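Q: structure, please.
(chains A, B, C and D)
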2 protein chains.
Amino acid sequence: MSAPEEPAEPQPKPLRKDAERNLRRILDAAGEVFATRGLGATMDDVAHHAGVGVGTVYRRFANKEELIDALFEDRIGALAQLARDGLAREDPWEGLVSFMERALVAQAEDRGLKELLFDSAHGQQRVTHAREQMAPVVGELFERARAAGCLRDDVEGPDMPLLQLMLGAVVDFSREVSPELWRRYLTIVLDGLRARRDDATPLPVPALDVPQLDAAMGAWKTSLR
Amino acid sequence: MSAPEEPAEPQPKPLRKDAERNLRRILDAAGEVFATRGLGATMDDVAHHAGVGVGTVYRRFANKEELIDALFEDRIGALAQLARDGLAREDPWEGLVSFMERALVAQAEDRGLKELLFDSAHGQQRVTHAREQMAPVVGELFERARAAGCLRDDVEGPDMPLLQLMLGAVVDFSREVSPELWRRYLTIVLDGLRARRDDATPLPVPALDVPQLDAAMGAWKTSLR
DNA sequence: CAAGAAACGGAGGAACTATCTCGACTTCCA
DNA sequence: TGGAAGTCGAGATAGTTCCTCCGTTTCTTG
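A: Below is the predicted model of the structure:
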(Lines give C-alpha, C1' and ligand atoms only; values in the text may rest on other atoms or scores of the structure.)
Protein backbone atom coordinates (compact mmCIF):
# COMPACT_ATOMS: atom_id res chain seq x y z
CA MET A 1 0.00 0.00 0.00
CA SER A 2 1.06 3.53 -0.61
CA ALA A 3 -0.68 6.14 1.55
CA PRO A 4 -4.32 6.99 2.09
CA GLU A 5 -4.66 8.74 5.47
CA GLU A 6 -8.36 9.25 5.87
CA PRO A 7 -8.85 9.98 9.59
CA ALA A 8 -5.35 11.41 9.85
CA GLU A 9 -4.35 9.93 13.20
CA PRO A 10 -0.64 10.00 13.85
CA GLN A 11 -0.43 6.28 14.47
CA PRO A 12 3.14 5.13 14.00
CA LYS A 13 2.24 1.53 14.60
CA PRO A 14 -1.15 -0.11 14.73
CA LEU A 15 -1.62 -2.12 17.92
CA ARG A 16 -1.85 -5.83 17.82
CA LYS A 17 -5.38 -7.12 18.24
CA ASP A 18 -4.93 -8.42 21.76
CA ALA A 19 -3.06 -5.29 22.79
CA GLU A 20 -5.87 -3.12 21.51
CA ARG A 21 -8.39 -5.07 23.51
CA ASN A 22 -6.27 -4.93 26.64
CA LEU A 23 -5.78 -1.20 26.29
CA ARG A 24 -9.50 -0.75 26.20
CA ARG A 25 -9.88 -2.97 29.24
CA ILE A 26 -7.23 -1.03 31.13
CA LEU A 27 -8.85 2.30 30.39
CA ASP A 28 -12.25 1.00 31.42
CA ALA A 29 -10.91 -0.55 34.58
CA ALA A 30 -8.94 2.56 35.48
CA GLY A 31 -12.06 4.64 34.99
CA GLU A 32 -14.04 2.49 37.36
CA VAL A 33 -11.34 2.00 39.91
CA PHE A 34 -10.36 5.65 40.16
CA ALA A 35 -13.98 6.67 40.19
CA THR A 36 -14.84 4.46 43.13
CA ARG A 37 -11.63 4.30 45.13
CA GLY A 38 -10.05 7.60 44.18
CA LEU A 39 -6.64 8.32 42.74
CA GLY A 40 -5.07 6.50 45.65
CA ALA A 41 -5.98 3.21 44.00
CA THR A 42 -2.85 1.33 43.03
CA MET A 43 -1.69 0.32 39.61
CA ASP A 44 -2.07 -3.26 40.76
CA ASP A 45 -5.70 -2.55 41.52
CA VAL A 46 -6.25 -1.25 38.06
CA ALA A 47 -4.42 -4.13 36.42
CA HIS A 48 -6.23 -6.73 38.45
CA HIS A 49 -9.56 -5.11 37.77
CA ALA A 50 -8.76 -5.14 34.08
CA GLY A 51 -7.78 -8.77 34.22
CA VAL A 52 -4.23 -8.12 33.03
CA GLY A 53 -0.83 -8.00 34.68
CA VAL A 54 0.73 -4.77 35.93
CA GLY A 55 3.38 -5.09 33.29
CA THR A 56 0.75 -4.77 30.63
CA VAL A 57 -0.45 -1.52 32.10
CA TYR A 58 3.10 -0.21 32.15
CA ARG A 59 3.58 -1.19 28.54
CA ARG A 60 0.95 1.40 27.56
CA PHE A 61 1.48 4.02 30.23
CA ALA A 62 4.94 4.91 31.42
CA ASN A 63 3.63 5.64 34.89
CA LYS A 64 0.54 6.33 36.93
CA GLU A 65 0.49 10.03 36.10
CA GLU A 66 0.30 9.28 32.43
CA LEU A 67 -2.60 6.90 32.88
CA ILE A 68 -4.48 9.41 34.97
CA ASP A 69 -3.79 12.12 32.46
CA ALA A 70 -5.04 10.05 29.58
CA LEU A 71 -8.14 9.13 31.53
CA PHE A 72 -9.21 12.52 32.71
CA GLU A 73 -8.15 14.63 29.77
CA ASP A 74 -11.64 15.14 28.45
CA ARG A 75 -13.60 14.84 31.67
CA ILE A 76 -11.98 17.94 33.08
CA GLY A 77 -12.74 19.89 29.98
CA ALA A 78 -16.32 18.74 30.27
CA LEU A 79 -16.65 20.71 33.48
CA ALA A 80 -16.03 23.98 31.69
CA GLN A 81 -18.74 22.98 29.29
CA LEU A 82 -21.14 22.59 32.20
CA ALA A 83 -20.57 26.22 33.05
CA ARG A 84 -21.22 27.27 29.47
CA ASP A 85 -24.37 25.18 29.47
CA GLY A 86 -25.51 27.04 32.53
CA LEU A 87 -24.96 30.30 30.74
CA ALA A 88 -27.09 29.05 27.89
CA ARG A 89 -30.09 28.70 30.14
CA GLU A 90 -32.63 31.46 29.96
CA ASP A 91 -33.20 31.93 33.65
CA PRO A 92 -30.03 33.24 35.30
CA TRP A 93 -30.71 31.63 38.64
CA GLU A 94 -31.54 28.30 37.08
CA GLY A 95 -28.37 28.53 35.06
CA LEU A 96 -26.31 28.99 38.18
CA VAL A 97 -28.08 26.23 40.04
CA SER A 98 -27.84 23.77 37.21
CA PHE A 99 -24.12 24.35 36.91
CA MET A 100 -23.48 23.79 40.58
CA GLU A 101 -25.70 20.77 40.61
CA ARG A 102 -24.15 19.12 37.61
CA ALA A 103 -20.64 19.85 38.76
CA LEU A 104 -21.47 18.16 42.04
CA VAL A 105 -22.98 15.20 40.27
CA ALA A 106 -19.68 14.86 38.48
CA GLN A 107 -17.86 14.89 41.80
CA ALA A 108 -20.27 12.40 43.25
CA GLU A 109 -19.92 10.01 40.37
CA ASP A 110 -16.18 10.18 40.12
CA ARG A 111 -14.05 10.35 43.17
CA GLY A 112 -10.94 10.52 41.05
CA LEU A 113 -12.17 13.59 39.26
CA LYS A 114 -12.91 15.26 42.55
CA GLU A 115 -9.42 14.57 43.82
CA LEU A 116 -7.89 15.77 40.62
CA LEU A 117 -9.74 19.04 40.97
CA PHE A 118 -8.89 19.77 44.56
CA ASP A 119 -5.64 18.00 45.29
CA SER A 120 -2.42 19.54 44.29
CA ALA A 121 0.34 17.15 43.27
CA HIS A 122 -1.61 15.74 40.38
CA GLY A 123 -2.20 17.25 36.99
CA GLN A 124 -2.01 20.87 38.12
CA GLN A 125 -1.16 21.70 34.56
CA ARG A 126 -4.39 20.50 33.12
CA VAL A 127 -6.48 21.53 36.09
CA THR A 128 -5.11 25.04 36.10
CA HIS A 129 -5.94 25.28 32.44
CA ALA A 130 -9.48 24.14 33.07
CA ARG A 131 -9.88 26.59 35.93
CA GLU A 132 -8.69 29.42 33.75
CA GLN A 133 -11.23 28.44 31.16
CA MET A 134 -13.95 28.19 33.74
CA ALA A 135 -13.31 31.35 35.72
CA PRO A 136 -14.76 33.90 33.29
CA VAL A 137 -17.80 31.77 32.58
CA VAL A 138 -18.50 31.32 36.26
CA GLY A 139 -18.01 35.03 36.75
CA GLU A 140 -20.56 35.64 34.06
CA LEU A 141 -22.94 33.14 35.63
CA PHE A 142 -22.73 35.03 38.93
CA GLU A 143 -22.96 38.41 37.26
CA ARG A 144 -26.04 37.53 35.33
CA ALA A 145 -27.82 36.15 38.39
CA ARG A 146 -26.86 39.21 40.37
CA ALA A 147 -28.11 41.56 37.67
CA ALA A 148 -31.41 39.73 37.72
CA GLY A 149 -31.63 40.39 41.43
CA CYS A 150 -31.48 36.72 42.37
CA LEU A 151 -28.00 36.58 43.79
CA ARG A 152 -26.62 38.40 46.82
CA ASP A 153 -24.29 41.06 45.61
CA ASP A 154 -21.18 40.20 47.59
CA VAL A 155 -20.27 36.83 46.15
CA GLU A 156 -17.57 36.69 43.53
CA GLY A 157 -16.18 34.28 41.00
CA PRO A 158 -13.52 32.84 43.28
CA ASP A 159 -16.21 31.84 45.74
CA MET A 160 -17.31 29.08 43.42
CA PRO A 161 -14.37 26.72 44.00
CA LEU A 162 -14.82 27.07 47.73
CA LEU A 163 -18.52 26.35 47.52
CA GLN A 164 -17.76 23.29 45.44
CA LEU A 165 -15.11 22.22 47.91
CA MET A 166 -17.49 22.60 50.81
CA LEU A 167 -20.25 20.61 49.21
CA GLY A 168 -17.70 18.17 47.86
CA ALA A 169 -16.84 17.32 51.44
CA VAL A 170 -20.44 16.25 51.97
CA VAL A 171 -20.35 14.26 48.75
CA ASP A 172 -17.34 12.32 49.96
CA PHE A 173 -18.58 11.88 53.45
CA SER A 174 -21.96 10.47 52.63
CA ARG A 175 -21.16 8.69 49.40
CA GLU A 176 -21.73 5.23 50.85
CA VAL A 177 -24.63 6.03 53.10
CA SER A 178 -26.75 8.52 51.23
CA PRO A 179 -25.25 9.42 47.89
CA GLU A 180 -27.64 12.28 47.26
CA LEU A 181 -27.28 13.90 50.62
CA TRP A 182 -25.27 16.76 49.15
CA ARG A 183 -28.46 18.05 47.56
CA ARG A 184 -29.74 18.86 51.00
CA TYR A 185 -26.82 21.09 51.77
CA LEU A 186 -26.70 22.55 48.30
CA THR A 187 -30.24 23.71 48.89
CA ILE A 188 -29.23 25.37 52.13
CA VAL A 189 -26.24 27.02 50.51
CA LEU A 190 -28.30 28.22 47.57
CA ASP A 191 -30.83 29.73 49.94
CA GLY A 192 -27.89 31.47 51.55
CA LEU A 193 -26.74 32.79 48.18
CA ARG A 194 -30.07 34.34 47.27
CA ALA A 195 -30.38 38.08 47.43
CA ARG A 196 -33.56 37.76 49.45
CA ARG A 197 -36.27 35.24 50.04
CA ASP A 198 -39.31 34.53 52.11
CA ASP A 199 -39.72 30.89 52.96
CA ALA A 200 -36.87 28.47 52.80
CA THR A 201 -36.69 26.07 49.88
CA PRO A 202 -37.81 22.65 51.14
CA LEU A 203 -34.89 20.29 51.58
CA PRO A 204 -34.94 17.58 48.94
CA VAL A 205 -33.29 14.74 50.87
CA PRO A 206 -33.85 13.58 54.44
CA ALA A 207 -31.13 14.23 57.01
CA LEU A 208 -28.98 11.32 58.03
CA ASP A 209 -30.30 9.46 61.03
CA VAL A 210 -27.95 8.54 63.82
CA PRO A 211 -27.01 5.05 62.63
CA GLN A 212 -26.31 6.41 59.17
CA LEU A 213 -24.22 9.16 60.66
CA ASP A 214 -22.23 6.61 62.61
CA ALA A 215 -21.76 4.50 59.52
CA ALA A 216 -20.56 7.46 57.52
CA MET A 217 -18.16 8.56 60.24
CA GLY A 218 -16.81 5.07 60.39
CA ALA A 219 -16.08 4.91 56.69
CA TRP A 220 -14.69 8.39 56.44
CA LYS A 221 -10.97 8.74 55.91
CA THR A 222 -9.03 11.81 55.06
CA SER A 223 -5.33 12.33 55.34
CA LEU A 224 -4.65 10.40 58.46
CA ARG A 225 -1.71 8.29 59.53
CA MET B 1 -6.13 4.04 101.09
CA SER B 2 -6.69 6.75 103.64
CA ALA B 3 -5.43 9.96 102.09
CA PRO B 4 -7.50 13.02 101.25
CA GLU B 5 -8.53 12.90 97.62
CA GLU B 6 -9.36 16.40 96.56
CA PRO B 7 -8.26 16.34 92.94
CA ALA B 8 -8.14 12.53 93.17
CA GLU B 9 -5.07 11.78 91.13
CA PRO B 10 -4.06 8.11 91.22
CA GLN B 11 -0.30 8.58 91.09
CA PRO B 12 1.38 5.30 91.99
CA LYS B 13 4.87 6.70 91.59
CA PRO B 14 5.95 10.29 91.58
CA LEU B 15 8.02 11.09 88.54
CA ARG B 16 11.64 12.05 88.81
CA LYS B 17 12.21 15.76 88.39
CA ASP B 18 13.71 15.55 84.90
CA ALA B 19 11.09 13.06 83.81
CA GLU B 20 8.36 15.36 84.98
CA ARG B 21 9.83 18.23 83.02
CA ASN B 22 10.22 16.11 79.91
CA LEU B 23 6.67 14.87 80.15
CA ARG B 24 5.45 18.43 80.21
CA ARG B 25 7.63 19.26 77.23
CA ILE B 26 6.32 16.27 75.31
CA LEU B 27 2.72 17.16 75.96
CA ASP B 28 3.31 20.77 74.96
CA ALA B 29 5.20 19.79 71.86
CA ALA B 30 2.58 17.22 70.89
CA GLY B 31 -0.11 19.84 71.31
CA GLU B 32 1.64 22.24 68.99
CA VAL B 33 2.73 19.71 66.44
CA PHE B 34 -0.62 17.99 66.13
CA ALA B 35 -2.39 21.33 66.06
CA THR B 36 -0.34 22.63 63.17
CA ARG B 37 0.52 19.52 61.20
CA GLY B 38 -2.40 17.29 62.08
CA LEU B 39 -2.41 13.80 63.50
CA GLY B 40 -0.24 12.65 60.64
CA ALA B 41 2.74 14.23 62.35
CA THR B 42 5.22 11.57 63.37
CA MET B 43 6.37 10.63 66.82
CA ASP B 44 9.82 11.72 65.76
CA ASP B 45 8.38 15.15 64.97
CA VAL B 46 6.93 15.38 68.42
CA ALA B 47 10.09 14.17 70.13
CA HIS B 48 12.30 16.50 68.15
CA HIS B 49 10.00 19.42 68.80
CA ALA B 50 10.11 18.62 72.50
CA GLY B 51 13.88 18.39 72.43
CA VAL B 52 13.95 14.78 73.59
CA GLY B 53 14.58 11.42 71.96
CA VAL B 54 11.76 9.25 70.64
CA GLY B 55 12.54 6.70 73.28
CA THR B 56 11.60 9.21 75.93
CA VAL B 57 8.22 9.72 74.37
CA TYR B 58 7.66 5.98 74.30
CA ARG B 59 8.63 5.71 77.96
CA ARG B 60 5.53 7.73 78.85
CA PHE B 61 3.15 6.69 76.13
CA ALA B 62 3.01 3.12 74.91
CA ASN B 63 2.10 4.27 71.42
CA LYS B 64 0.86 7.16 69.38
CA GLU B 65 -2.80 6.45 70.11
CA GLU B 66 -2.17 6.80 73.80
CA LEU B 67 -0.42 10.11 73.39
CA ILE B 68 -3.22 11.45 71.24
CA ASP B 69 -5.78 10.20 73.71
CA ALA B 70 -4.07 11.86 76.63
CA LEU B 71 -3.76 15.09 74.70
CA PHE B 72 -7.29 15.45 73.44
CA GLU B 73 -9.19 13.98 76.34
CA ASP B 74 -10.40 17.30 77.64
CA ARG B 75 -10.45 19.27 74.41
CA ILE B 76 -13.11 17.04 72.96
CA GLY B 77 -15.23 17.39 76.03
CA ALA B 78 -14.85 21.14 75.73
CA LEU B 79 -16.81 21.03 72.50
CA ALA B 80 -19.87 19.73 74.26
CA GLN B 81 -19.51 22.61 76.66
CA LEU B 82 -19.61 25.03 73.73
CA ALA B 83 -23.02 23.69 72.84
CA ARG B 84 -24.22 24.11 76.41
CA ASP B 85 -22.86 27.64 76.41
CA GLY B 86 -24.88 28.36 73.32
CA LEU B 87 -27.98 27.12 75.07
CA ALA B 88 -27.24 29.48 77.93
CA ARG B 89 -27.53 32.49 75.65
CA GLU B 90 -30.76 34.35 75.79
CA ASP B 91 -31.28 34.80 72.08
CA PRO B 92 -31.86 31.40 70.45
CA TRP B 93 -30.39 32.39 67.11
CA GLU B 94 -27.33 33.92 68.70
CA GLY B 95 -26.91 30.79 70.75
CA LEU B 96 -26.86 28.66 67.64
CA VAL B 97 -24.53 30.98 65.80
CA SER B 98 -22.11 31.28 68.66
CA PHE B 99 -21.88 27.52 68.98
CA MET B 100 -21.16 27.00 65.32
CA GLU B 101 -18.67 29.81 65.30
CA ARG B 102 -16.77 28.67 68.33
CA ALA B 103 -16.72 25.06 67.21
CA LEU B 104 -15.20 26.22 63.94
CA VAL B 105 -12.66 28.34 65.73
CA ALA B 106 -11.64 25.20 67.56
CA GLN B 107 -11.24 23.39 64.26
CA ALA B 108 -9.29 26.25 62.81
CA GLU B 109 -6.93 26.44 65.74
CA ASP B 110 -6.30 22.75 66.02
CA ARG B 111 -5.95 20.63 62.99
CA GLY B 112 -5.48 17.55 65.14
CA LEU B 113 -8.79 18.12 66.87
CA LYS B 114 -10.52 18.48 63.55
CA GLU B 115 -9.09 15.20 62.31
CA LEU B 116 -9.99 13.46 65.51
CA LEU B 117 -13.58 14.59 65.10
CA PHE B 118 -14.07 13.59 61.52
CA ASP B 119 -11.64 10.78 60.83
CA SER B 120 -12.49 7.29 61.83
CA ALA B 121 -9.55 5.13 62.84
CA HIS B 122 -8.65 7.33 65.75
CA GLY B 123 -10.31 7.64 69.11
CA GLN B 124 -13.79 6.71 67.92
CA GLN B 125 -14.48 5.67 71.47
CA ARG B 126 -14.00 9.08 72.94
CA VAL B 127 -15.41 10.90 69.96
CA THR B 128 -18.56 8.84 69.95
CA HIS B 129 -19.00 9.61 73.59
CA ALA B 130 -18.63 13.32 72.92
CA ARG B 131 -21.09 13.16 70.06
CA GLU B 132 -23.63 11.41 72.23
CA GLN B 133 -23.22 14.12 74.78
CA MET B 134 -23.52 16.81 72.18
CA ALA B 135 -26.44 15.49 70.19
CA PRO B 136 -29.26 16.37 72.58
CA VAL B 137 -27.84 19.80 73.29
CA VAL B 138 -27.51 20.57 69.60
CA GLY B 139 -31.02 19.28 69.07
CA GLU B 140 -32.19 21.66 71.74
CA LEU B 141 -30.25 24.51 70.16
CA PHE B 142 -32.01 23.87 66.85
CA GLU B 143 -35.38 23.36 68.48
CA ARG B 144 -35.19 26.58 70.39
CA ALA B 145 -34.20 28.60 67.33
CA ARG B 146 -36.94 27.01 65.32
CA ALA B 147 -39.55 27.72 67.98
CA ALA B 148 -38.44 31.34 67.93
CA GLY B 149 -39.09 31.39 64.21
CA CYS B 150 -35.48 32.02 63.30
CA LEU B 151 -34.57 28.64 61.91
CA ARG B 152 -36.02 26.87 58.87
CA ASP B 153 -38.13 24.02 60.11
CA ASP B 154 -36.60 21.17 58.17
CA VAL B 155 -33.13 21.02 59.66
CA GLU B 156 -32.44 18.43 62.31
CA GLY B 157 -29.82 17.62 64.88
CA PRO B 158 -27.82 15.30 62.64
CA ASP B 159 -27.37 18.13 60.15
CA MET B 160 -24.94 19.81 62.49
CA PRO B 161 -22.01 17.43 61.97
CA LEU B 162 -22.40 17.78 58.23
CA LEU B 163 -22.50 21.55 58.41
CA GLN B 164 -19.38 21.47 60.53
CA LEU B 165 -17.73 19.09 58.09
CA MET B 166 -18.57 21.31 55.17
CA LEU B 167 -17.23 24.44 56.75
CA GLY B 168 -14.33 22.48 58.16
CA ALA B 169 -13.27 21.79 54.59
CA VAL B 170 -12.98 25.53 54.04
CA VAL B 171 -11.06 25.89 57.27
CA ASP B 172 -8.51 23.35 56.11
CA PHE B 173 -8.30 24.62 52.62
CA SER B 174 -7.68 28.24 53.41
CA ARG B 175 -5.79 27.86 56.68
CA GLU B 176 -2.52 29.14 55.26
CA VAL B 177 -3.88 31.80 52.97
CA SER B 178 -6.80 33.37 54.78
CA PRO B 179 -7.41 31.73 58.14
CA GLU B 180 -10.71 33.46 58.71
CA LEU B 181 -12.18 32.73 55.32
CA TRP B 182 -14.55 30.17 56.77
CA ARG B 183 -16.52 33.02 58.33
CA ARG B 184 -17.53 34.08 54.86
CA TYR B 185 -19.09 30.74 54.11
CA LEU B 186 -20.50 30.34 57.57
CA THR B 187 -22.41 33.55 56.93
CA ILE B 188 -23.79 32.17 53.69
CA VAL B 189 -24.76 28.91 55.32
CA LEU B 190 -26.42 30.69 58.23
CA ASP B 191 -28.42 32.82 55.82
CA GLY B 192 -29.46 29.56 54.24
CA LEU B 193 -30.54 28.18 57.59
CA ARG B 194 -32.78 31.11 58.44
CA ALA B 195 -36.50 30.59 58.25
CA ARG B 196 -36.83 33.75 56.19
CA ARG B 197 -34.94 36.93 55.60
CA ASP B 198 -34.88 40.03 53.49
CA ASP B 199 -31.41 41.20 52.68
CA ALA B 200 -28.44 38.96 52.91
CA THR B 201 -26.09 39.32 55.84
CA PRO B 202 -22.98 41.13 54.60
CA LEU B 203 -20.04 38.79 54.20
CA PRO B 204 -17.44 39.43 56.87
CA VAL B 205 -14.28 38.40 55.00
CA PRO B 206 -13.23 39.17 51.42
CA ALA B 207 -13.24 36.36 48.90
CA LEU B 208 -9.93 34.87 47.92
CA ASP B 209 -8.35 36.52 44.92
CA VAL B 210 -6.93 34.38 42.16
CA PRO B 211 -3.34 34.24 43.41
CA GLN B 212 -4.55 33.30 46.88
CA LEU B 213 -6.76 30.66 45.37
CA ASP B 214 -3.83 29.23 43.47
CA ALA B 215 -1.69 29.25 46.59
CA ALA B 216 -4.36 27.47 48.58
CA MET B 217 -4.90 24.87 45.87
CA GLY B 218 -1.19 24.27 45.76
CA ALA B 219 -0.92 23.64 49.47
CA TRP B 220 -4.02 21.52 49.72
CA LYS B 221 -3.54 17.82 50.27
CA THR B 222 -6.04 15.18 51.07
CA SER B 223 -5.67 11.47 50.64
CA LEU B 224 -3.61 11.35 47.52
CA ARG B 225 -0.63 9.22 46.70
C1' DC C 1 3.08 -22.74 8.86
C1' DA C 2 7.00 -21.18 10.92
C1' DA C 3 9.81 -17.46 12.54
C1' DG C 4 10.22 -13.59 14.80
C1' DA C 5 8.18 -9.46 16.64
C1' DA C 6 4.97 -7.86 19.97
C1' DA C 7 2.72 -8.44 24.06
C1' DC C 8 1.86 -10.57 28.54
C1' DG C 9 2.15 -11.77 33.56
C1' DG C 10 3.36 -11.12 38.03
C1' DA C 11 7.11 -12.02 41.33
C1' DG C 12 10.07 -9.16 43.40
C1' DG C 13 13.51 -5.07 43.46
C1' DA C 14 13.87 -0.45 45.10
C1' DA C 15 12.47 3.32 47.62
C1' DC C 16 9.71 5.32 51.07
C1' DT C 17 7.81 6.15 55.49
C1' DA C 18 6.55 5.53 60.16
C1' DT C 19 6.23 2.99 64.46
C1' DC C 20 8.44 1.17 68.12
C1' DT C 21 12.62 -1.42 70.48
C1' DC C 22 16.88 -1.99 72.75
C1' DG C 23 21.06 -1.54 75.01
C1' DA C 24 24.74 1.64 76.10
C1' DC C 25 25.00 5.80 78.62
C1' DT C 26 23.46 9.65 81.94
C1' DT C 27 20.97 11.78 85.70
C1' DC C 28 18.72 11.91 89.90
C1' DC C 29 17.80 10.69 94.63
C1' DA C 30 18.13 8.58 99.20
C1' DT D 1 27.71 6.61 96.13
C1' DG D 2 25.01 2.82 94.46
C1' DG D 3 21.57 1.75 91.81
C1' DA D 4 17.01 2.79 90.08
C1' DA D 5 14.96 5.67 86.83
C1' DG D 6 15.45 7.98 82.85
C1' DT D 7 17.41 9.23 78.20
C1' DC D 8 18.92 8.77 73.46
C1' DG D 9 18.57 7.62 68.76
C1' DA D 10 20.18 4.33 65.37
C1' DG D 11 18.01 0.78 63.22
C1' DA D 12 14.94 -3.42 63.33
C1' DT D 13 10.40 -4.19 61.59
C1' DA D 14 6.64 -3.74 58.94
C1' DG D 15 3.70 -1.88 55.49
C1' DT D 16 3.10 0.53 51.02
C1' DT D 17 3.37 1.28 46.26
C1' DC D 18 5.63 2.10 41.97
C1' DC D 19 7.81 0.03 38.43
C1' DT D 20 11.19 -3.46 36.16
C1' DC D 21 12.57 -7.68 34.18
C1' DC D 22 12.50 -11.66 31.68
C1' DG D 23 10.68 -16.26 30.72
C1' DT D 24 6.51 -17.40 28.34
C1' DT D 25 2.57 -16.77 25.27
C1' DT D 26 0.15 -14.81 21.39
C1' DC D 27 -0.24 -12.60 17.18
C1' DT D 28 1.09 -11.50 12.44
C1' DT D 29 3.29 -11.89 8.26
C1' DG D 30 5.78 -13.79 4.38
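
Q: for DNA strand C, what's its nearest residue on chain A.
A: Relative to DNA strand C, the nearest point of chain A is A:Gly55 (1.8 Å; Cβ to the nearest atom of the strand). Just so you know, the C-beta spots here come from the backbone N, C-alpha and C atoms, and that holds for glycine as well.

Q: any idea which helix or strand carries that residue?
A: helix A:54-60 (DSSP states H and E).

Q: next: A:Leu71.
A: Secondary structure from DSSP H and E places A:Leu71 in helix A:64-88.

Q: report all helices and strands that that helix contacts.
A: helix A:17-37, helix A:43-50, helix A:92-109, helix A:111-118, helix A:124-147 (3 or more Cβ pairs under 8 Å, 6 or more residues apart in numbering or on different chains; DSSP states H and E).

Q: out of those helices, which is closest to chain B?
A: Taking Cβ to the nearest Cβ, helix A:111-118 is the member of the helices and strands packed on helix A:64-88 nearest to chain B, at 6.3 Å.

Q: now do the closest one and helix A:17-37, the angle between them.
A: Helix A:111-118 runs at 70 degrees relative to helix A:17-37, counting by axes from the mean of the first three to the mean of the last three Cα atoms, to 10 degrees.

Q: packing partners of helix A:111-118?
A: When contacts are defined as 3+ Cβ pairs under 8 Å, 6+ apart, helix A:111-118 sits against helix A:17-37, helix A:64-88, helix A:92-109, helix A:159-174.

Q: hmm, back to that, taking the helices and strands packed on helix A:64-88 together, which one is wrapped up most tightly?
A: Counting by mean count of other Cβ atoms under 10 Å in any protein chain shown, helix A:111-118 has the highest mean neighbour count of those, with a mean of 23.

Q: say whether DNA strand C is contacted by stretch A:109-124.
A: No: figure legend: stretch A:109-124 not in contact with DNA strand C (Cβ under 7 Å from any atom of the strand); closest approach 12.8 Å.

Q: need the distance between the two termini of that stretch.
A: Counting by Cα to Cα, to the nearest Å, the length from the leading to the trailing residue of stretch A:109-124 is 21 Å.

Q: what about the residue in chain A that chain B sits nearest to, how many residues nearby?
A: Using Cβ to the nearest Cβ, A:Gly192 is the residue of chain A that sits closest to chain B, at 3.1 Å. Taking other Cβ atoms under 10 Å in any protein chain shown as the criterion, the count of residues near A:Gly192 is 24.

Q: that older thread, helices and strands around the helix holding A:Gly55, which ones?
A: Secondary-structure packing of helix A:54-60 (3+ Cβ pairs under 8 Å, 6+ apart): helix A:17-37, helix A:43-50.

Q: do the shortest one and chain B meet at all?
A: No: no part of helix A:43-50 sits close enough to chain B to count as contact by Cβ under 8 Å from any Cβ of the partner chain; the gap is at least 11.4 Å.

Q: and that helix, anywhere near DNA strand D?
A: Yes: with Cβ under 7 Å from any atom of the strand as the criterion, DNA strand D is reached by helix A:43-50 at A:Met43, A:Asp44.

Q: just want the angle from that helix to helix A:17-37.
A: For helix A:43-50 against helix A:17-37, the angle by the same axes, to 10 degrees is 120 degrees.
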